[in-house]
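Mind looking at a prediction? Sequence and model below.
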Amino acid sequence: MERKLLYAFRGWIAFVAFMDLGTAFRSYIEKRSFLGDPSDSQYIAGDYTISRIIGMYCILKAFALVHCTLYIHYKPVVSMGGCSLALTMVLYLTEALYFRSSTLTFYVIFPCVLNSITLIGLIYIPKRLRLWDPHNIDGDDENSQLLRQMGGFKKRRVPKKMP
């Protein structure tokens with residue numbers, strides 16, 4: 001049962017990473033950011049810098065979350081994924097509430113809700129499954145478990161050459 005929860009949560013993190021890739025591609029295709037107001041006097045027509053920056057940040061966050069999915073049993077990698085989620089929520093909320101460069105629309109609220117659910121899961125699930133417990137027998141990575149299950153294959157040793 002615990003492994004099913006872990007696999008489901010890994011799928012959830014991969015889904016959030018896929019959503020970030022979608023946001024990145026949308027930033028490059030639409031060439032207009034949801035942050036920033038085109039009617040603003042500081043807005044320069046044809047300047048898509050903010051959109052490109054958000055696109056690159058979303059790609060970087062997606063890579064961090066993919067690594068978090070693959071290496072969830074390593075505490076620093078999970079910490080990196082959690083920090084990227086928290087930073088994204090801070091970015092969206094400060095742009096909407098403090099700097100007022102955006103309004104609270106679907107494009108701000110949905111990523112904040114998605115990231116907060118994922119962040120709560122990153123805090124709770126590895127502790128519940130005791131992935132980081134040093135006495136956990138199943139704590140080693142899946143690749144070594146698969147190799148142990150195969151068992152029949154042995155390493156070939158290269159014979160030493162005589163001088």
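Perfect, I can see it now.

Could you check how far the closest residue to Leu129 other than its chain neighbours is from Thr118?
Counting by C-beta to C-beta, 6 or more residues apart in numbering, Leu129 lies nearest to Glu2, which is 5.3 Å off, once chain neighbours are set aside. The way it works is simple: take the backbone N, C-alpha and C, and place the C-beta from them, glycine included. The spacing between Glu2 and Thr118, counted by C-beta to C-beta, to the nearest Å, is 19 Å.

out of the two, which sits in the more crowded spot?
Thr118 (22 against 12; other C-beta atoms under 10 Å).

How is Thr103 assigned, secondary-structure-wise?
coil (DSSP: H, G, I helix; E, B strand; the rest coil).

Leaving out the residues flanking it, which one is nearest to it?
Per C-beta to C-beta, 6+ apart, closest to Thr103 is Ala96, 6.5 Å.

tell me the contacts of that neighbour?
Neighbouring residues of Ala96 by C-beta atoms under 8 Å, 6 or more residues apart in numbering: Ser102, Thr103, Leu104, Val108.

what ranges do the helices span in the chain?
2-30, 49-70, 75-93, 106-128, 142-150 (DSSP state H).

how about CSV for those, with distance to Lys160 added?
What follows is these, written out as CSV (distance: least, C-beta to C-beta, whole Å):
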stretch, distance to Lys160
helix 2-30, 43
helix 49-70, 38
helix 75-93, 39
helix 106-128, 45
helix 142-150, 26
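
Which one of those lies nearest to Pro159?
helix 142-150 (23.7 Å; C-beta to C-beta).

distance of the spatially most central residue of the chain from Tyr92?
Central residue of the chain (C-alpha atoms, centre = their mean): Leu65, 1.9 Å from the mean position. Leu65 sits 16 Å away from Tyr92, taking C-beta to C-beta as the criterion.
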